[in-house]
Each structure stands twice: as structure tokens, then as C-alpha cells.
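# give me the fold of what follows.
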Amino acid sequence: VRALAEVSPPALARRAADLVREYVDRHPDGAAHAAAFVERRLEQGPAARAVLFPLVTGLVRGNPPQVRAVLAPVLAAPGSRVSRAMRAELLDVLLDHERYAGC
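Numbers count the residues shown, from 1 in each chain. Have a look, this model is predicted:
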């Protein structure tokens with residue numbers, strides 16, 4: 001996961017995120033690996049948004065509650081100054097899903 005999170009060329013970074021999502025789609029019990037990936041990418045700042053937003057929204061909307069439960073602490077953590085805004089934005093996505101998924 002560390003190696004995938006460090007991939008920087010945009011096309012490869014998107015593919016790395018796709019691999020993480022595919023893994024969690026097949027193995028929801030491996031969500032901790034995805035959370036670690038998200039944590040590392042968040043700390044790369046706004047440049048990681050293009051990779052993280054689709055990944056996290058897909059993980060939140062397309063997986064069981066246990067995946068969201070593992071992602072929630074990562075998104076709710078204060079993080080660094082460079083990750084704070086994106087964490088808040090992605091946490092809002094997760095909370096909105098929790099609020100309205102049953103509607």
C-alpha cells in the first residue's frame with residue numbers, strides 16, 4: 001500500500017487507486033489497507049484530490065458499513081494543514097451517505 005500511495009504520475013496514481021478499490025470491493029475485510037492508502041494520499045495535499053475523491057466516494061457508496069467504519073477515523077482525524085480541508089470534504093461525503101443511504 002505504501003508503494004501504491006507514493007506513485008505520483010497522475011495516470012498511474014489513478015490506476016493505483018483503482019487497484020485499492022478493486023481489492024476492497026473483493027475483500028471488504030481488507031479495508032484497513034485502503035484506509036492506510038487514503039491516509040498517505042491525504043498528506044500529499046490538494047494534488048491528491050483527483051485520485052482520492054473518486055476512490056473514497058466509491059468506497060463509501062459501494063461497500064458495506066465495515067468499510068466506512070474503517071475509513072471514518074482517517075477522515076475524521078485532524079491531519080496536517082495540507083490534508084485538513086480534503087479530510088473534511090471527504091468526511092462530509094461519508095456522513096451524507098450514512099444520513100441518506102436508507103432514504
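
# what about the helices in the chain?
For the chain, the helices defined by DSSP state H occupy 2-6, 10-26, 31-42, 49-61, 65-76, 84-100.

# now tabulate these in TSV and tack on mean neighbour count.
In this view, the C-beta of every residue, glycine as well, is placed from N, C-alpha and C. Shown next, in TSV, are the helices of the chain (neighbours: other CB atoms under 10 Å):
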stretch	mean neighbour count
helix 2-6	14
helix 10-26	16
helix 31-42	21
helix 49-61	19
helix 65-76	17
helix 84-100	15
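
# mind giving me CSV with those and columns for mean pLDDT?
CSV is the format used below for the helices of the chain (pLDDT from 0 to 100):
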stretch, mean pLDDT
helix 2-6, 87
helix 10-26, 94
helix 31-42, 96
helix 49-61, 94
helix 65-76, 96
helix 84-100, 95
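
# tell me the phi and psi of Gly79?
When read as degrees, to the nearest 10, the backbone of Gly79 gives phi 60, psi -170.

# ok, it - contacts?
Taking CB atoms under 8 Å, 6 or more residues apart in numbering, we find Gly79 in contact with 42-43, 87.

# what separation do you get for it and Arg26?
28 Å (CB to CB, to the nearest Å).

# tell me the contacts of the spatially most central residue of the chain?
Geometric centre of the chain, nearest residue: Val56, 3.6 Å, by CA atoms, centre = their mean. By CB under 8 Å, 6+ apart, Val56 lies in contact with 38, 71, 75, 90, 93-94.
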